[in-house]
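Colleague: got a structure for you, letters missing:
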Ligand code: IVH
């Protein structure tokens, strides 16, 4: 019985079991207290359980559970909502922008299903509501849970909030509903309510919402459900996830059922028999858009027959049987107030246009990226100009053109700084082997440039490198500013460095607490062993990114063997070691130069030594050489269906294949998914082996 053992005497295994027991005890206690108004523990007993839980977490931070009671206050999460799993993933939609794209969509479906032009293909059209999607689970007709989309697999449990939305039935009407069904649709706020809300916010001196979608999302995700209720959110039902039994044969029929069960469905839903009629519906909605009373950002087309939807299936995150025909990018004009320079991880200077804030399609825009100085010259951008900007979907706004290029007294042409604005070192455009100038200008300050250090640190802890939970860009900036983390090894000495700097313990910093301190330190400890490829990628050496790092790890297996080779190649040019590096398929002179250049710098070697005394590099595993693809170079292109891109690459690599990013005569196999373009063409020209994803899976399974 672990519950009798003092916290200090618990072994790690006992602590783990005890945390599992406590989470259940506390959940039951919460439910009886908050839900049933019938507490079965005294307050003192309840507090003792919570304290014991916290004490164990403090002693074993790494064991802290995702559903830890310390993160929960009463019935709800203190710093967020409970996570809930979707029974079927919530998919996203592929986009169409032109009539051509829509016709292609129709043609693709016919081709996939193998139906000729003479056979009827019914498609539906409906507005694409600009809100946030929500999945509602009904059991025996009663609403039992509501979950936001989240990452598509798992979202946030907002059941109590959803219950305050009048248009979401608590109990389905009529009949014919499956015993269990996930109903999906869009939560939104209508234009009038949005304007009134922003008016109230402004009156109260609070921040207003940039657009109705943000207001709806913010309204739904409220720990205080009375706020959700006051937002007057609405809901259109348009899709479903998991169902315990089939209930319809067409999309049209399903929507009619939804309506009969008490949902609001969109009145502009239509069924069509010709692809061109979709375009008429799009045209009509374009004209009605402004007077609908709620925001829409396009029109969704779906295959009507559900058996066909089933056969069409999905490609990565998109169903093949539906597409969103988006309205064109929204444009606006504003003034270019300044051009600032941002310095990236490898020292690239990127101009950022600072704009007089302007609303574009409901979003206030005050910055736009401009790729490089050639782009500034091409647009002839000058500070003070009126510029036209455009924004499509969630992409970063772009400057399209200068509106008044003939204006008198324009500022002089913009000159890119010749020195890094962050550290003052010269910023240069490199010349490649062909004598061509790189479009990017780079700071030559290396690790004496604070901007580069920060960006490098961010990269070091990023998802494809060390991937430390709770240590992202914001934390890195904070630690850097305080002088606590200025080199990667400092991350592993965090507490000592904080103490050494004379700062209070992390738990007393703004925005941190005992829990988040324990969590962060635990996550850092858990990353003291790093796989070779992730470590190398994390170093952020130019031209040695994720794929190259994986390739090198697979080739050398051991970090020390690899690093010794690099050092030898760095110390003497044209050695056997350099030749060996160059002989690796997929490694070129640029990457080798970059590696040896990195190794030649004393400060990099010191940093590596310091890092290696803090962490341990996990050697890569020997690929199973017996496989049919061992040693072959494979390129994946287009959208994959059953495997994610990362998964496909990882699996190929595990079988000993080399995964390359581009097609060349050295490529052995090209796996082409839907929408494959130039790489597929090149493979055809070179006469390479081309496989579909299914063929590839079968091929690797066979051998
Ligand atoms: S159908 C599997 N219909 O658009 C298909 N989605 O870009 C499920 N959306 O995540 C989606 N209006 O949040 C569908 N009438 C509509 C929609 C709609 C808005 C949203 C939805 C989805 C996103 C995809």
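Modeller: Received the coordinates, thanks. Just so we're clear, the structure is a prediction, and the values are computed from it rather than from any experiment.

Colleague: and stretch 12-28, what's its mean pLDDT?
Modeller: The average of the pLDDT scores along stretch 12-28 is 86.

Colleague: who touches that stretch?
Modeller: Stretch 12-28 has contacts (CB atoms under 8 Å, 6 or more residues apart in numbering) with 2-3, 5, 10, 40, 46, 49-50, 52-53, 56-57, 59-60, 63-65, 67-69. Glycine gets a C-beta too; all of them are placed from N, C-alpha and C.

Colleague: nearest residue to residue 244 other than its sequence neighbours?
Modeller: Distance criterion CB to CB, 6 or more residues apart in numbering; nearest residue to residue 244, sequence neighbours excluded, is residue 180 at 4.2 Å.

Colleague: ok, back up a step: so which of the contacts of stretch 12-28 belong to helices?
Modeller: Among the contacts of stretch 12-28, the members found in helices (DSSP state H) are 46, 49, 50, 52, 53, 56, 57, 59.

Colleague: Going through those, which ones are buried?
Modeller: Buried residues within the ones in helices among the contacts of stretch 12-28, counting neighbours by 16 or more other CB atoms under 10 Å: 46, 49, 50, 52, 53, 56, 57.

Colleague: Please identify which of those is nearest to residue 142.
Modeller: Using CB to CB, residue 46 comes nearest to residue 142 of these, at 30.2 Å.

Colleague: Tell me if I'm right that that closest one and residue 40 touch.
Modeller: No: the pair formed by residue 46 and residue 40 falls short of the contact definition of CB atoms under 8 Å, at 9.5 Å.

Colleague: what's the residue in the stretch 1-150 of the chain that the ligand sits nearest to sitting at in phi/psi?
Modeller: Residue of the stretch 1-150 of the chain nearest the ligand, by CB to the nearest ligand atom: residue 133 (3.2 Å). In terms of degrees, to the nearest 10, the main-chain angles of residue 133 are phi -80, psi 150.

Colleague: For the protein, which residues are neighbours of the ligand?
Modeller: With CB under 6 Å from any ligand atom as the criterion, the chain meets the ligand at residues 91-93, 126, 128-129, 133, 186, 238-239, 300, 319, 322, 324.

Colleague: In a markdown table: those, plus secondary structure and pLDDT.
Modeller: Formatted as a markdown table, the residues of the chain next to the ligand follow (DSSP: H, G, I helix; E, B strand; the rest coil; pLDDT from 0 to 100):
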| residue | secondary structure | pLDDT |
| --- | --- | --- |
| 91 | coil | 92 |
| 92 | coil | 91 |
| 93 | coil | 93 |
| 126 | strand | 98 |
| 128 | strand | 97 |
| 129 | strand | 96 |
| 133 | strand | 96 |
| 186 | strand | 98 |
| 238 | strand | 98 |
| 239 | strand | 98 |
| 300 | strand | 98 |
| 319 | strand | 93 |
| 322 | strand | 98 |
| 324 | strand | 96 |
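
Colleague: As a markdown table, those residues with neighbour count and distance to residue 474 would be great.
Modeller: What follows is the residues of the chain next to the ligand, written out as a markdown table (neighbours: other CB atoms under 10 Å; distance: CB to CB, whole Å):
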| residue | neighbour count | distance to residue 474 |
| --- | --- | --- |
| 91 | 18 | 31 |
| 92 | 15 | 27 |
| 93 | 18 | 31 |
| 126 | 22 | 39 |
| 128 | 23 | 33 |
| 129 | 26 | 32 |
| 133 | 20 | 28 |
| 186 | 23 | 31 |
| 238 | 25 | 36 |
| 239 | 21 | 35 |
| 300 | 20 | 36 |
| 319 | 18 | 35 |
| 322 | 21 | 37 |
| 324 | 19 | 32 |
